[in-house]
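Novice: Provided below are the primary sequence and the corresponding predicted coordinates.
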Amino acid sequence: MSTDDAASRTTVDTERLARWLDEHDLPGGDGDLSVSRIQGGSQNQLYELRAGGTRLVLRAAPGHASPERAGRMLREYRLVQALAGSDVPHARAHAASTDTAILGQPFYVMDHIDGWSPMQDSWAAPFDTDLAARAGLATQLVDGIARLSRVDWRAAGLEGYGRPDGFHDRQVDRWLTYLDGYRFRDLPGLDVAAQWLRTHRPRDYRPGILHGDYQFANVMYAHGAPARLAAIIDWEMATIGDPLLDLGWALIAWPPEGDDMVQSRYLDYAGLPPRDDLLEHYATVSGRSVDDIDYYVILARFKLGIVLEQSVARAAASGGDPRVATFDGIVVELIRKAAELARSTSLR
């Protein structure tokens, strides 16, 4: 047994891993196993497992993760398992382990997806130059969560996975309380957005599976045109809540209303269809009303701004961290645009 790249070797106990794979009737248990680290933007540990002509992916929490975060990896596995048999594009999960001697953290093994992700701040060919083809990426992005919203989460065994009752009633206070734990500066527009959210809760709330961080960076596409969503990935923040928040999250900086959000965009939005086109597609596929979409976009900006502000606060307290230097401007922009949309929506 060996790794594909000596520079990427870690503390993976490949012999123990091979025995575990064999116990679960997965390829690699006969000694023909290679393990290599997958580099990327994920904060979790990802490894490619190769055995003969089969490729699998092992996903685990970071080596330094707390027991709570490590436990979320098994929670994520439960969610992905529940999607089996659905029409939601995802990597099929095979088995999970709590044996920390193999990798240092609990993990699970899933299918390898042959595709690409925009998480590296760029579009793959031909979408880098073909704007007509690029438009299909946006439609497919929305199509993925529209399908996810149709999954019968109770029938899929996800009863108790989240707290759907009162979901919107607790959003504002929950995130403001979270912010109070590290707040170190004023965020113009925060109070405006918070007050608007309190008084404009959705009229039609139907619980469903919520990915929790739905964006271009957390999906994979099949190679080549036309655009086809191959898999939704990174389910760590998933819960049972309001699926429409995933739509609002995806549309945080969408044209035309978000065209001035230069800090929050990590991709070139040229060629992407306007928001109204995507809302129509989502409504058709999901069967859900999108009349309250402004609420979800405002909530998404409000929540993401508060989450990112924690990193800004830590960097400020420690003298600066170049990895989060750009978050400062993103937070200010997100909160400003949340308030701006709230004010404009109130006038309609």
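Specialist: Yep, that arrived. On a predicted model such as this, the values are computed, not experimentally measured, just so you know.
Novice: what ranges does the chain have for its strands?
Specialist: All strands of the chain, identified by DSSP state E, fall at 34-37, 45-51, 54-60, 93-97, 107-111, 208-210, 219-221, 229-232, 239-241.
Novice: buried sites along stretch 24-34?
Specialist: 26-29, 33 (16 or more other C-beta atoms under 10 Å). The C-beta positions use only the backbone N, C-alpha and C, and glycine is treated the same way.
Novice: right, and out of the residues you listed, which lies closest to residue 173?
Specialist: The shortest approach to residue 173 among the buried residues of stretch 24-34 belongs to residue 26, at 44.9 Å (C-beta to C-beta).
Novice: is it true that the closest one touches residue 93?
Specialist: No: here residue 26 lies out of contact with residue 93, judged by C-beta atoms under 8 Å, at a distance of 11.5 Å.
Novice: what sits in contact with each of these two?
Specialist: Jointly contacting residue 26 and residue 93 under the rule C-beta atoms under 8 Å, 6 or more residues apart in numbering are residue 109.
Novice: closest to residue 167 out of the strands of the chain?
Specialist: Residue 167 sits nearest to strand 239-241 of all these, at 4.8 Å, using C-beta to C-beta.
Novice: what sits up against stretch 243-261?
Specialist: Residues contacting stretch 243-261 (C-beta under 8 Å, 6+ apart): 141-142, 145, 148-149, 202, 208-215, 264-265, 269, 272, 274-275, 278-279, 282, 286, 288, 290, 292-293, 295-301, 304, 333-334, 337, 341.
Novice: may I see the buried residues of it?
Specialist: In terms of neighbour count (16+ other C-beta under 10 Å), stretch 243-261 has its buried residues at 243-255, 257-258, 261.
Novice: where does pLDDT dip in the stretch 201-348 of the chain?
Specialist: Residue ranges of the stretch 201-348 of the chain with pLDDT under 70: 320, 347-348.
Novice: which stretches in it count as helices?
Specialist: Here the stretch 201-348 of the chain has its helices, by DSSP state H, counting those that start in this stretch, at 244-250, 275-286, 293-318, 327-346.
Novice: quick one: which of the ones you listed is nearest residue 68?
Specialist: Using C-beta to C-beta, the helices of the stretch 201-348 of the chain put helix 293-318 closest to residue 68, at 16.0 Å.
Novice: ok, for residue 285, nearest residue in space, not its chain neighbours?
Specialist: Leaving out its chain neighbours, the residue that sits closest to residue 285 by C-beta to C-beta, 6 or more residues apart in numbering is residue 146, at 3.7 Å.
Novice: wait, doesn't residue 52 sit right on residue 27?
Specialist: Yes: the pair formed by residue 52 and residue 27 meets the contact definition of C-beta under 8 Å, at 6.4 Å.
Novice: list the contacts of residue 301.
Specialist: Residue 301 neighbours (C-beta under 8 Å, 6+ apart): 193, 252, 334-335, 337-338, 341.
Novice: got it, and residue 197?
Specialist: 171-172, 295, 298-299, 302, 342.
Novice: filter the residues you listed to the buried ones?
Specialist: Among the contacts of residue 197, the ones that count as buried by 16+ other C-beta under 10 Å are 171-172, 295, 298-299, 302, 342.
Novice: could you check how far residue 300 is from residue 246?
Specialist: As judged by C-beta to C-beta, to the nearest Å, residue 300 and residue 246 stand 9 Å apart.
Novice: cool, residue 92 as well?
Specialist: In terms of C-beta to C-beta, residue 92 sits 21 Å off from residue 246.
Novice: what does residue 263 give?
Specialist: For residue 263 relative to residue 246 (C-beta to C-beta), the value is 22 Å.
Novice: what of residue 235?
Specialist: Residue 235 is 12 Å from residue 246, by C-beta to C-beta.
Novice: anything in contact with each of the two?
Specialist: Joint contacts of residue 235 and residue 246 (C-beta under 8 Å, 6+ apart) are 211-212.
Novice: please look at residue 45 and residue 64 and confirm they touch.
Specialist: No: using C-beta under 8 Å, residue 45 makes no contact with residue 64, being 10.5 Å away.
Novice: would you mind finding the most buried of the strands of the chain?
Specialist: Using mean count of other C-beta atoms under 10 Å, the stretch among those with the largest mean neighbour count is strand 208-210, at a mean of 25.
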